[in-house]
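In: Sequence below, structure please.
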Amino acid sequence: MLEASIDQLQQVAERPWQEVPEAVKDGYVIQATGQGAAEMVNRITNEVLPYHGGNIHPRFWGWVQGTGLASDLIAGMAGAVINANTGGRDHGANYMERAVIDWTREKMGMPEGSSGVLVAGTSQATVIAFQAARVRVMPEVRKFGQGSAQLTAYAGEGIHNATRKALELMGIGFENLRLVPLVDGQMDLAALRQQVAQDRAAGAKPFLLVGMAGSVDLGTYDDLNGLADAAAEEDLWLHVDGAFGAWTRIADEPWRSLSDGIGRAGSIALDFHKWMYVGYDCGMVLIADEPAHRAAFAARPSYLEAAERGLAGGDPWFCDYGIDLSRGNRALKVWTALEMYGEEAFGAAISDNCRMASLMAAEVEARPNMRLAASVVSNVCVFTARADLSAEAQSVLNSEIAQALQESGEAVFSTTRAQGVVMLRAAITNHRTREQDITDAIAAVAELAARQV
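Out: Residues are numbered from 1 along each chain as shown. The predicted structure is shown next:
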């Protein structure tokens with residue numbers, strides 16, 4: 001199995017996404033009888049490894065998916081044999097998680113003493129941050145519920161669905177999310193203040209402001225310093241959705257400055273499994289006010305009482321800072337990656353991804369019939385393959401090109417809608433991507449687009 005796994009990593013460029021055959025799907029049905037380890041290795045090699053989601057391939061730029069690292073294999077073996085539950089107690093995994101949290105806090109520029117917890121991803125991190133924000137303004141909500149109180153939240157148009165989903169799950173309701181217009185890709189601060197004043201006048205209680213560090217469609221960034229100023233003036237909790245874009249904090253200029261001000265947030269949600277390339281799943285929430293974080297989740301029934309010595313020691317316990325009591329050792333793969341490759345390598349890879357997005361934009365602009373949806377800001381490039389067609393024809397063509405390139409294994413673009421057109425979208429969070437991959441992919445797009453008459 002180890003040999004097969006190493007082969008997978010070494011031959012990743014030769015193994016793009018492919019459709020799962022019906023016979024393989026049928027073979028996944030659980031059988032009543034067991035089989036030997038050798039047979040299972042053979043089956044996994046032939047029935048599992050070839051049918052991955054495609055994101056490990058160097059020409060995968062669909063959605064925002066990370067690529068995984070060789071260090072994940074090393075950490076995964078150790079993690080499997082230790083089988084740590086990191087909900088609490090006194091063992092090495094919890095000290096390692098605290099070290100990863102503290103390193104991340106420092107990189108984001110949050111104050112010393114800020115807390116955090118590793119989670120499945122930004123969607124879960126968002127719920128945790130929003131609950132801390134709600135408990136701040138409604139200290140008794142854990143006892144009595146929200147009742148008839150109308151809490152309102154604010155975010156720029158185009159905010160990730162994680163914000164809406166979190167408000168729905170918490171019973172606040174997505175109708176109480178105010179989507180503020182954007183100006184040049186950033187939240188209109190004047191419109192924000194006007195909306196907050198209107199809500200207060202109507203008897204609502206504004207409590208949360210959500211900023212974008214890397215928008216899902218175009219990779220744009222809010223003015224985070226401006227949002228921090230507005231949050232302080234309006235007494236709002238500032239949360240930053242930095243799922244992938246927060247990591248420009250370790251990139252070169254000019255990309256690093258995109259996330260200036262992020263350390264002033266009350267909370268940040270981010271992922272290691274996106275632009276830090278670590279294997280799924282691994283996200284984090286950081287919260288500047290540790291007592292507020294703990295107040296939102298801490299609960300210790302008698303069977304979880306801490307002790308001064310022994311295994312029940314090791315306070316603080318991470319179950320007091322999030323939803324999960326039973327938690328896997330996510331910190332191990334982050335720690336292994338950082339110690340193995342070094343911070344500088346990650347910063348260089350993130351910077352290179354932004355350069356690749358700029359190169360893609362230049363390749364698009366060099367083609368007479370292609371057109372960018374917007375200038376590239378970070379690592380996202382959105383474009384149409386044939387701007388000379390009607391909006392409807394462009395949408396059909398771009399969708400067809402995306403599917404055709406996925407099926408051929410040449411490249412993976414996703415699609416998004418911009419300016420009323422379904423366009424091709426590349427979100428480059430892939431440390432395996434090289435210049436040749438970019439130029440070959442755009443050439444393939446141009447070849448397919450030329451067939452449209």
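
In: who touches the helix or strand harbouring residue 395?
Out: Using DSSP states H and E, the element containing residue 395 is helix 391-408. Helix 391-408 has contacts (CB atoms under 8 Å, 6 or more residues apart in numbering) with 17, 19, 54, 62, 384-387, 389, 411-415, 420-424, 441, 444-445, 448-449, 452. For the C-beta atoms, the positions are set from N, CA and C on the backbone; glycine is no exception.

In: Weed out the non-buried ones from these.
Out: 17, 54, 62, 384-387, 389, 411-415, 421-424, 441, 444-445, 448-449, 452 (16 or more other CB atoms under 10 Å).

In: quick revisit: return the subset of the contacts of helix 391-408 lying in strands.
Out: Judged by DSSP state E, strands contain the following of the contacts of helix 391-408: 384, 414-415, 421-424.

In: can you put those residues in TSV and add distance to residue 131?
Out: As requested, these are exported to TSV (distance: CB to CB, whole Å):
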residue	distance to residue 131
384	41
414	31
415	34
421	38
422	36
423	36
424	37
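
In: Let me know the closest of these to residue 316.
Out: Distance to residue 316 across the ones in strands among the contacts of helix 391-408 (CB to CB) is lowest for residue 414, with 39.6 Å.

In: Quickly list what the closest one is bridged to.
Out: Bridge pairing for residue 414 (DSSP bridges) gives the partners residue 425.

In: Against residue 397, how distant is it?
Out: Distance of residue 414 to residue 397, given as CB to CB, to the nearest Å: 15 Å.

In: And for residue 223?
Out: Distance from residue 223 to residue 397, by CB to CB: 36 Å.

In: So those two - more neighbours on which side?
Out: Comparing residue 223 with residue 397 by other CB atoms under 10 Å, the one with more neighbours is residue 397, at 21 against 18.

In: Setting aside sequence neighbours, what's the nearest residue to the more buried one?
Out: Among residues not flanking residue 397 along the chain, residue 452 sits closest, at 5.3 Å (CB to CB, 6 or more residues apart in numbering).

In: Could you check the pLDDT of that neighbour?
Out: Looking at residue 452, its pLDDT is 76.

In: Contact partners for it?
Out: Counting by CB under 8 Å, 6+ apart, residue 452 makes contact with 386, 389, 393, 397.

In: Format the ones in strands among the contacts of helix 391-408 as TSV; extra columns: pLDDT and distance to residue 100.
Out: Shown next, in TSV, are the ones in strands among the contacts of helix 391-408 (pLDDT from 0 to 100; distance: CB to CB, whole Å):
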residue	pLDDT	distance to residue 100
384	98	41
414	97	30
415	97	35
421	98	42
422	98	39
423	98	37
424	98	36
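
In: which one of the residues you listed is nearest residue 70?
Out: Looking across the ones in strands among the contacts of helix 391-408 and measuring by CB to CB, the closest to residue 70 is residue 414, at 25.9 Å.

In: my read: that closest one touches residue 62, true?
Out: Yes - the criterion here is CB atoms under 8 Å, and residue 414 meets it with residue 62 at 4.1 Å.

In: Common neighbours of these two, please.
Out: Among the neighbours of residue 414, those also in contact with residue 62 (CB under 8 Å, 6+ apart) are residue 427.

In: In this protein, where is pLDDT below threshold?
Out: By pLDDT under 70, the weakly predicted segments of the chain are 453.

In: Domain map for it?
Out: For the chain, automatic domain parsing gives the domain ranges 77-341, 349-450.

In: Ramachandran angles for residue 211?
Out: Main-chain torsions, residue 211, degrees, to the nearest 10: phi -100, psi 160.

In: quick one: it and residue 192, what's the gap?
Out: Residue 211 is 10 Å from residue 192, by CB to CB.
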